[in-house]
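In: After the sequence you'll find the predicted model.
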Amino acid sequence: MFRSPSLASRIAKASSAPLLKQPANGFFARRYISNTQKTSTGAAVHAHHTSPKQNTDSYLDTLNTSELLGYGIIGMCTLSKPILNLAIRVFPYTPLWVIKALVYKNYCGGDTLPEMMKTGERLSQRGIRNMMVSYTLEACDGKKMSVSIEKIIEETRRSIRELLVPHTVKMIQQTGAENINSIPPGYVALKPTALIENAADILLHYQEPAYKARYEQLLNTCSDIVKVAEDANASLHKQYPGRKSPFIVVIVDAERNDLQQAVYKLQRDLFARFNNLEPTVVGTMQMYLKESTPNLIKESELAKKGGYLLGWKLVRGAYIHTEPNRAVIHDTKADTDANYDAGITRTLAEMCSTKPTVGHLVVASHNSDTQRMATDLLDKVSNEKVRANVVLGQLLGMGDNVTYYLTTHRNVKNIIKYVPWGPPLETKDYLLRRLEENGDAVRADSGWPLLKGVAKTLFKRVF
Ligand SMILES: Cc1cc2nc3c(=O)[nH]c(=O)nc-3n(C[C@H](O)[C@H](O)[C@H](O)COP(=O)(O)OP(=O)(O)OC[C@H]3O[C@@H](n4cnc5c(N)ncnc54)[C@H](O)[C@@H]3O)c2cc1C
């Protein structure tokens, strides 16, 4: 329950702990990078972001030397627009081993499950005790993939059994079973377009009779993956009966808008199949969409009727630049911000109600104000089950200063990083496409502060 009925009104009295400004280390950032600089009106953005001071040092102190060197390279590449453009041109000719040696570790978890285990361990030393893993999802658009769909499905299932389960158990053992609810679940992300041939076609036409069987095939593929998570949860709950959230959660990623109606249907069908006892399946809602709030309300009504629980990952949304119908997105950045923050407040209130329709919430954002607000809200919740089912998330290599603030200054335990992994070749393509797509979002002043912070931190280590 919320400790106070006037909770929302008190959000404004946020903690005064210092929040370090985010370095623009999004050079190789993924599909999910914040695109604020590219799109929003400056006034709206600055109204919502209140980072007081450019200071990357403290968070850089927590990184190992190889990660620091990676950020140093990124700082150099983002010194100016011409340098960045040159880096984009040179990137395809850069040998894979150079990329792996320089920046790979900052943004990708590894190409094998044992490497991902090490990434999980590395993150846990920074207070991030679980991951949201996604197998080469970015490289897969359902058409031009260099790994087969069968391989993606199998690796996704394996990542539950051989990565998320042992990592979660290891974290529980390290933390002590008495603190079992302070370990976030391990998440496996499903990108619907990566899980079936001609996925976009199926998602666009899923309501037509000719596509019914193919949609069912996609639903069954996802269900097979969820079943692996469900079985793991059943056996872990027996071992650790005090746990109040799932140990493993399957999360459905949101795609570009024209595919989303089918993705909503897919995640709803999965909720109905699997979320009767606990929220094993979590869907995504893109709060930059005007339809998002009515959708959240509609899904709650359907869940009430269907007798299942919803789980939400709330994101602002990553496809603003490729969305042909701009009208579906909120008119201003400020509107998106207000809708996102209201979505978090409402969802949390719903989770605290006597008969909640929502059982799990992931606040997936690099926005410091949003994460501070979510943490303030959560601090006022005393219901342990609700607290165990609200998790904050950022991408690996992104928003590290926000993650650092939350773990260090706000003592946040339920926090995860989204960690892509997969074959090196796929990863190279993936990094390049992110670079091309997001290069012009890098702030003109991003290179120097980051570079200086890295140099200063390295200097302190050597002398
Ligand atoms: C763990 C994790 C999982 C994610 N999963 C998904 C996913 O499944 N699907 C997905 O789409 N994204 C996903 N994202 C990406 C998420 O949408 C981006 O992180 C987000 O768009 C960047 O916003 P922000 O909250 O970090 O903060 P900010 O930098 O404050 O917001 C930037 C965002 O605001 C919105 N915006 C910017 N300008 C305008 C404008 N003029 N008008 C209206 N809106 C505007 C856009 O959404 C833009 O990306 C995920 C992110 C994380 C951390």
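Out: Sure thing, it's come through.
In: hang on, Thr221 packs against Ala194?
Out: No - the criterion here is CB atoms under 8 Å, and Thr221 misses it with Ala194 at 10.3 Å. For the C-beta atoms, the positions are set from N, CA and C on the backbone; glycine is no exception.
In: Can you say which helix or strand has Tyr206 in it?
Out: Tyr206 is part of no helix or strand, with elements assigned from DSSP states H and E.
In: just Thr221 next, same as before
Out: Here Thr221 is assigned to helix 212-239, by DSSP H and E.
In: That helix: what's the following helix or strand?
Out: Counting by DSSP H and E, what follows helix 212-239 is strand 248-252.
In: Is the ligand within reach of that next one?
Out: No - with CB under 6 Å from any ligand atom as the criterion, the ligand is not reached by strand 248-252; the gap is at least 7.8 Å.
In: ok, and what's touching that strand?
Out: 132, 160, 164-165, 168, 185-190, 192, 222, 225-226, 229, 232-233, 236, 263, 266-267, 270, 279-284, 311, 313, 360, 362 (CB atoms under 8 Å, 6 or more residues apart in numbering).
In: and those, which of them are in strands?
Out: 132, 186-190, 281-284, 311, 313, 360, 362 (DSSP state E).
In: Closest one of those to the ligand?
Out: In terms of CB to the nearest ligand atom, no member of those lies closer to the ligand than Thr284, at 4.3 Å.
In: Get me the contact residues on the stretch 301-450 of the chain for the ligand.
Out: Proximity of the stretch 301-450 of the chain to the ligand (CB under 6 Å from any ligand atom) is limited to residues 315-320, 329-330, 332-333, 336, 364-367, 393-395, 418.
In: show me what contacts Pro424?
Out: Leu96, Lys100, Tyr104, Asp111.
In: if I pick the second one, what's in contact with it?
Out: When contacts are counted by CB under 8 Å, 6+ apart, Lys100 touches Pro424.
In: Determine the three-state secondary structure at it.
Out: helix (DSSP: H, G, I helix; E, B strand; the rest coil).
In: now swap in Ser134 and tell me
Out: strand.
In: How many residues are close by the residue lying closest to it once chain neighbours are set aside?
Out: Of all residues not flanking Ser134 in the chain, Ala189 sits nearest, at 4.0 Å (CB to CB, 6 or more residues apart in numbering). Counted with other CB atoms under 10 Å, residues neighbouring Ala189 total 24.
In: do the one 3 residues further on as well
Out: Here the count is done by other CB under 10 Å, and Pro192 has 25 residues near it.
In: Let me know the pLDDT of it.
Out: What the model reports as pLDDT for Pro192 is 93.
In: okay but it is in contact with Leu259, surely?
Out: Yes - in this structure, Pro192 is within contact of Leu259 by CB under 8 Å, at 7.4 Å.
In: any residues in contact with both of the two?
Out: Taking CB under 8 Å, 6+ apart as the contact rule, Pro192 and Leu259 both touch Leu203.
In: quick one on the thing from earlier: among the ones in strands among the contacts of strand 248-252, which one has the most neighbours?
Out: Val281 (32 neighbours).
In: Kindly check the end-to-end length of stretch 386-393 for me.
Out: This stretch, stretch 386-393, spans 17 Å end to end (CA to CA, to the nearest Å).
In: just stretch 151-168 next, same as before
Out: 24 Å.
In: which outside residues touch it?
Out: Stretch 151-168 has contacts (CB under 8 Å, 6+ apart) with 113, 116-117, 120, 130-131, 133, 135-136, 140, 145, 183, 185-188, 190, 194-195, 221, 224-225, 228-229, 232, 236, 247-248, 421-422.
In: Buried subset of those, written for ChimeraX?
Out: Selection of buried members from the contacts of stretch 151-168 for ChimeraX, criterion 16 or more other CB atoms under 10 Å:
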select :113,116,117,120,130,131,133,135,136,140,145,183,185,186,187,188,190,194,195,221,225,228,229,232,236,247,248,421,422
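In: Name only those of the contacts of Pro424 that count as buried.
Out: Lys100, Tyr104, Asp111.
In: show me where the chain has strands.
Out: Secondary structure of the chain (DSSP E): strands at 130-135, 186-190, 248-252, 281-286, 310-315, 358-364, 390-395, 415-421.
In: Ok, which of these comes nearest Ser382?
Out: strand 390-395 (12.8 Å; CB to CB).
In: pLDDT averaged over that closest one - what is it?
Out: 95.
In: which strands and helices sit next to that strand?
Out: Applying 3 or more CB pairs under 8 Å, 6 or more residues apart in numbering; DSSP states H and E, one finds that strand 390-395 contacts strand 358-364, helix 368-379, helix 400-408, strand 415-421.
In: Just put the strands of the chain in a markdown table and tack on distance to Pro92.
Out: Output for the strands of the chain, formatted as a markdown table (distance: least, CB to CB, whole Å):
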| stretch | distance to Pro92 |
| --- | --- |
| strand 130-135 | 23 |
| strand 186-190 | 27 |
| strand 248-252 | 32 |
| strand 281-286 | 31 |
| strand 310-315 | 30 |
| strand 358-364 | 30 |
| strand 390-395 | 23 |
| strand 415-421 | 19 |
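In: Can you mark which positions in stretch 60-76 are buried?
Out: 60, 62-63, 67-76.
In: Quick check: the farthest pair among the residues you listed?
Out: Every pair of the buried residues of stretch 60-76 checked by CB to CB; the farthest is Thr62 and Met76, at 21.4 Å.
In: Name all residues that make contact with Gly70.
Out: Contact partners of Gly70, counting by CB under 8 Å, 6+ apart, are Leu102, Val103, Tyr104, Lys105, Asn106.
In: and the gap between the nearest residue to it once chain neighbours are set aside and the ligand?
Out: Distance criterion CB to CB, 6+ apart; nearest residue to Gly70, sequence neighbours excluded, is Asn106 at 4.0 Å. Between Asn106 and the ligand the computed distance is 15 Å (CB to the nearest ligand atom, to the nearest Å).
In: and stretch 189-204, is it in reach of the ligand?
Out: No - shown here: stretch 189-204 not in contact with the ligand (CB under 6 Å from any ligand atom), separated by at least 7.3 Å.
In: can you list contacts of that stretch?
Out: Here stretch 189-204 has contacts from 132-134, 136-137, 140-143, 145, 149, 152-153, 156, 211, 214-215, 217-218, 221-222, 225, 250-253, 255, 258-259, 262-263, 266, 418, using CB under 8 Å, 6+ apart.
In: starting at the chain centroid, how far to that stretch?
Out: Put simply, stretch 189-204 sits 19 Å off its chain's centre (CA atoms, centre = their mean, to the nearest Å).
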